[in-house]
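Enquirer: With the input below, show me the fold.
(chains A and B)
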2 protein chains.
Amino acid sequence: MGFSFELIKTCAQTGARRGRIITPHGVIETPVFMPVGTQATVKAMAPFELEEIGTQILLANTYHLHLRPGEEIIRDAGGLHDFMDWHRPILTDSGGFQVFSLEGLRKISEEGVEFRSHIDGAKRFLSPESATAVQEALGADIIMAFDECSPYPCDRTRAEEAMHRTHRWAKRSKNAQTRDDQAMFGIVQGAFYADLRRESALTLAEMDFPGYSIGGLSVGEPKPVMYEMLELLSDVMPREKPRYLMGVGSPDCLLEGVSRGIDMFDCVLATRNARNASLLTSEGKLNMRNHCHITDLSPVDARCDCYLCTHFTRAYLHHLFRAKEILAARLATWHNLRFLTRLMEGARSAIDEDRYGDFLRENARLLE
Amino acid sequence: MGFSFELIKTCAQTGARRGRIITPHGVIETPVFMPVGTQATVKAMAPFELEEIGTQILLANTYHLHLRPGEEIIRDAGGLHDFMDWHRPILTDSGGFQVFSLEGLRKISEEGVEFRSHIDGAKRFLSPESATAVQEALGADIIMAFDECSPYPCDRTRAEEAMHRTHRWAKRSKNAQTRDDQAMFGIVQGAFYADLRRESALTLAEMDFPGYSIGGLSVGEPKPVMYEMLELLSDVMPREKPRYLMGVGSPDCLLEGVSRGIDMFDCVLATRNARNASLLTSEGKLNMRNHCHITDLSPVDARCDCYLCTHFTRAYLHHLFRAKEILAARLATWHNLRFLTRLMEGARSAIDEDRYGDFLRENARLLE
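Expert: Coordinates of the predicted model:
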C-alpha cells in the first residue's frame, strides 16, 4: 500500500476540507492533529495510550534522532515504527527548522547547514541529501524536503533568498530519495510576503510532490498575519494534495487553519503545556497548580471522555502537580492530546455535514 | 466484608506460609509484595497498570498525605480509594517511621512526636491518637499502630525504652480507633535484641491485633542479622495472624523473608531504582544507562511478560534514559514491579506445591 490522498469534500459553509491519506501504515482521516514524539516518544505517553485516544499519526524529529540515538540504530531496530512500537503512520520533519533555530550555532551555505549539536557541541552537517538519507533510515511514512526557514520579521531580500534556496533544496531532496514507500512533502516558504508565498507554492507544485507543507509560520507573527497567508495559499496550493501547516496546534489555530483548508497540523504546545499544568478545556484553559482546585471534586472537563476526566478529580490532579508526581504529567498530557484529537473529530464530522461554520460558532470559547 | 486472615498452608520444605487476607476492598493472596504509593500514586504508574501487573494491595504514607494534601481533602473525596482511583486494598503506615527519620527535626515525648514538616518547616505533632485519626480519614483497609522505631546500631536502654513506648502507643492507637472496617496491625520493635523482639511480639499478641508488623529492620544492619530476627520471631508471633515485614523488598530479602514465614512486604527500592535505570532481571540487575545496551535489540528480560519486555528493546529503553524521557521511568517501574509481583506469584505456587525450598534453589541467582 503506497501513499495517496483523496479530497472527500469541501465544506459548503467554509473552505474546510475533509480528506483521507493512505500510507503504508494505515489510513489518516483529515483534518488531523499530529502529536509530536520528538525523541521517538511522545513525552509522558505510551504508544497504547496514543492509540486509545485516537491518534492517527505521530511526528518525530529528524534532527533529534540523528543526534541521539543516531539513525543507524533505529534503522537496525527495523525503523522508527518498530523502535518505538508505534505501528500507525509516522511523519518526520527534515531537521531544517531545528538547525535554523540553533541561532549562533549554525552556518548556512548552498551545500547545507553546518551546526553544533545542542547535546555535546560536536560539529555536524545536514544537507538535502543527508537529511533525506536520515529520514530514509528512520523509515517514516511521510518525510519532508530539507528547507530553510526564515524568521519573523524578515526583510524581503533574506526571505527571497531563503525561499529560492528552499526550492533548490526541495529538488535536491527529491532527487536524493531512494525509497519508493515514503511520501516526501515540499515545504512552502516566503516569510510574510504574499507574492513570495504564492511563488513558492506554485514552484513547488511544479515539482509534483505528493503533499505540501507550509513552513515559516507561527514563528512570532500575530495570528491574523498567519491566517492571511493561509488564505492566499489556499487558492494556489494544489487542491488534490494534502496541506500540512507545520508547528501549529493551539485550539484556535487548529479551528482557523481548518477553515482555511489545512489538512494536517502538529505542535508541541499541548504536550509541553500539559507538563506545566496548563490544561485545555471546553471552557478555556485551566492552570492546575492554582490553589482554587485544592478541594475541587469535579473533573477537569465534564465534557471530556479521557482517562483523566472520567477517573480523577481536579483536587487529585492539583495534588499530583504540587507533589511533583510523574502521574501529573501523564494525566495532563493524555487529556490535552485527547482534547485536540476530539476537536479534530468534531471538525471532521462538521465538514462531513457541511456545517463547519456552525462548528466554529459552537466552539467560540476556543477562539477567544 | 470485614477483615480476616486464613493460613492456607505452611510449606513442608521450609517455614514459608500461604495465606489469604480478606478486606473490605477484596482478597489478598499471601505472601505478597505491596508497591508503595507514597503520595497517593505509585511513582510513574497509573492505577490501571498496577491492576494489569497483578498488584493486590498498595501502601500509602500517612506522614506524606497528612502534610499534603491533608487527610480532610482525601476524606472529603471519599477516601484514598476514590481519591487515587484504586479500588483494591490499601494499607497505610502510621507515620511513625517517617517522623523517626526526621533526625534533628523531631522531638519524641510520651505524648507523641513533635516534628517539622520537610515541605515547609511548619511545626506538627503526631500521636497514637492523631495518627489513628488521620488513618481513619484516609480510609485504608489495613492501618498501623503508631510506633517508635529504633536505629541501627542502638544501645539496649534506648531499644528497650522505644519498645515499651511502642507497646503503650499500640494500646493507645487501638483505643483511638472509631471505625470498625479497618484492621489495625501492631508493630513489633526491640531493635536487634532477641529477648526484646520476643517480648515485643508476645506483648502485642496479648493485645489481640488482627495482624502484626515487624518494624525497625532493614535500617542498616547486615542482612543475616535481619534474617536471625525473623527466625526467632517466626516462633513467637501468632500463627493465625498475618505477618508484615515493613520496608523490605529486594528480591533476595523477599525470598528469604518468605522462607521465614513473612506474609507481606513493602519497599520503595524497586520503584526508586527503576527511575535510576536499575532493572531487576532473572539474571541479576541491569543498569540501563550502560553504553553496552545502545544497540541491543533483545528485551530487558526474555523471561518477563511485562509491557516493557514484550514490546521494547534494551536499545530503546537505553535511548529513553539517555534522552531523559518520562517513558523511561514508566517502563522501568512497570517492569520492576511486575518482576517482584511475578516472583511472589512463583513463591505462592511453590508453597502450594510444598516445594518452596526448590523454588529458592531455582532462583539462586537472585540470592547472590
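Enquirer: pLDDT wise, what is the nearest residue to A:Glu199 once chain neighbours are set aside at?
Expert: The spatial neighbour of A:Glu199 that comes closest, neighbours along the chain excluded (C-beta to C-beta, 6 or more residues apart in numbering or on different chains), is A:Gly190 at 6.8 Å. To be clear about C-beta, it is placed using only N, CA and C from the backbone, and glycine gets the same treatment. Note on A:Gly190: pLDDT of 98.
Enquirer: same deal with A:Glu368?
Expert: 85.
Enquirer: For A:Ala364, the count of nearby residues, please.
Expert: Here the number of neighbours of A:Ala364 (other C-beta atoms under 10 Å in any protein chain shown) works out to 9.
Enquirer: Can you give me the distance of the closest residue to A:Glu283 other than its chain neighbours to A:Met226?
Expert: Sequence neighbours aside, A:Arg365 is the residue nearest to A:Glu283 in space, at 6.3 Å (criterion: C-beta to C-beta, 6+ apart). A:Arg365 sits 21 Å away from A:Met226, going by C-beta to C-beta, to the nearest Å.
Enquirer: higher neighbour count, the two?
Expert: Neighbours around A:Arg365 and A:Met226, counted as other C-beta under 10 Å, are more numerous at A:Met226. The numbers are 23 against 12.
Enquirer: any idea which element the more buried one lies in?
Expert: Assigned by DSSP states H and E, A:Met226 belongs to helix A:223-236.
Enquirer: List the buried residues for the top helix by length along chain A?
Expert: Scanning chain A for the helix with the most residues, using DSSP state H, yields helix A:326-352. Using 16 or more other C-beta atoms under 10 Å in any protein chain shown as the burial criterion, the residues of helix A:326-352 that qualify are A:326-344, A:347-348, A:350-351.
Enquirer: One more: stretch A:141-155?
Expert: For stretch A:141-155, the buried set under the neighbour-count rule, 16+ other C-beta under 10 Å, comprises A:141-152, A:154.
Enquirer: average pLDDT for that stretch?
Expert: 96.
Enquirer: what about that stretch, start to end distance?
Expert: Start and end residues of stretch A:141-155 are separated by 35 Å (C-alpha to C-alpha, to the nearest Å).
Enquirer: can you check stretch A:143-151 too?
Expert: Stretch A:143-151 end-to-end distance (C-alpha to C-alpha) = 23 Å.
Enquirer: go on, stretch A:201-220?
Expert: The first residue of stretch A:201-220 is 22 Å away from its last residue (C-alpha to C-alpha).
Enquirer: Any idea how far that stretch is from the middle of the chain?
Expert: Distance, stretch centre to chain centre, for stretch A:201-220: 14 Å (C-alpha atoms, centre = their mean, to the nearest Å).
Enquirer: show me where pLDDT drops low in chain A?
Expert: Regions of chain A meeting the criterion pLDDT under 70 cover residues A:1.
Enquirer: Please identify the residues of it in proximity to chain B?
Expert: Selection of chain A residues close to chain B by C-beta under 8 Å from any C-beta of the partner chain yields A:39-41, A:43-48, A:68-69, A:73, A:76-77, A:83-85, A:294-295, A:297, A:307, A:311-313, A:315-316, A:318-320, A:322-323, A:325-327, A:329-331.
Enquirer: Among these, which ones are in helices?
Expert: With DSSP H as the criterion, helices contain A:47-48, A:73, A:76, A:83-84, A:307, A:311, A:315-316, A:318-320, A:322, A:326-327, A:329-331 from among the residues of chain A next to chain B.
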